[in-house]
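# need a 3D model of the sequence below.
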Amino acid sequence: MSTVRAATTADIPELVDAYAWLFAPPGTKPADWHPVVAAERLERAIAGPRSGVLVAVDGETIVGFGTTYLDLESVRFGQRCWVEDLAVDPDQRSSGIGAALLAAARKWAKENGATHLELDSGTARTDAHRFYNRHNPTSHSLNFGWQTS
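Numbering: from 1, shown residues only. Take a look at the predicted model:
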C-alpha cells in the first residue's frame with residue numbers, strides 16, 4: 001500500500017530517475033534534459049512557497065510523483081494550480097497511486113488558495129486521458145506551446 005507525502009530533498013536522486021517514466025513512449029525526453037539541472041529545479045520546487053512536489057511511496061520506494069505550481073491568477077477564474085508532471089511507476093499503474101496523487105494535488109491546490117487545478121497531456125497519451133476522464137474533469141481544452149530558445 002502506498003502513501004502520498006510531500007517530497008524532501010533526500011528524495012531528489014530517486015525522483016530524477018523516476019522522470020524516465022514520463023520519457024518512455026509515448027512520451028519523449030526533452031532535448032535539453034540534464035539530471036543535474038532537473039535536481040536543481042526539484043530542489044527549488046520542494047522549497048518554493050508557490051510550488052510543491054508530491055511523492056507516492058511504498059515503504060521507502062517512490063512509486064509515483066507529481067509537481068504542483070501556483071502559476072497565474074486569472075481575471076476570469078482566479079488562482080490556477082498547474083500540475084506539470086504526474087507519473088506512476090509503469091509496474092504500479094492501475095493500483096490507485098495516480099488517483100491518490102491527483103487527489104493530493106487537488107488538496108494541495110485548495111490549501112494554497114487555488115480555485116482550480118489544470119494540467120495538459122500530450123495527444124499520444126491516450127491511457128493517461130482515460131485516467132483523467134475517469135476523475136471527472138470540469139473542463140477540457142487544447143494547449144499550444146512554443147519553445148522560446
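
# quick check, distance from the strand or helix carrying Tyr69 to the centre of its chain.
Secondary-structure element containing Tyr69, defined by DSSP states H and E: strand 61-74. Relative to its chain's centre, strand 61-74 lies at 4 Å (Cα atoms, centre = their mean, to the nearest Å).

# so what strands line up beside that strand?
strand 51-58 (antiparallel), strand 78-88 (antiparallel) (DSSP bridges).

# in it, what's buried?
Within strand 61-74, the residues that count as buried by 16 or more other Cβ atoms under 10 Å are Ile62, Val63, Gly64, Phe65, Gly66, Thr67, Thr68, Tyr69, Leu70. C-beta here means a position set from N, CA and C on the backbone, and glycine is covered the same way.

# farthest-apart pair in those residues, please.
For these, the farthest-apart pair by Cβ to Cβ is Val63 and Leu70; their separation is 25.8 Å.

# helices and strands around the lengthiest helix in the chain, which ones?
Ordering each helix of the chain by length in residues (DSSP state H) puts helix 97-111 first. Under the contact criterion of 3 or more Cβ pairs under 8 Å, 6 or more residues apart in numbering; DSSP states H and E, helix 97-111 touches strand 3-6, strand 51-58, strand 61-74, strand 78-88, strand 116-118.
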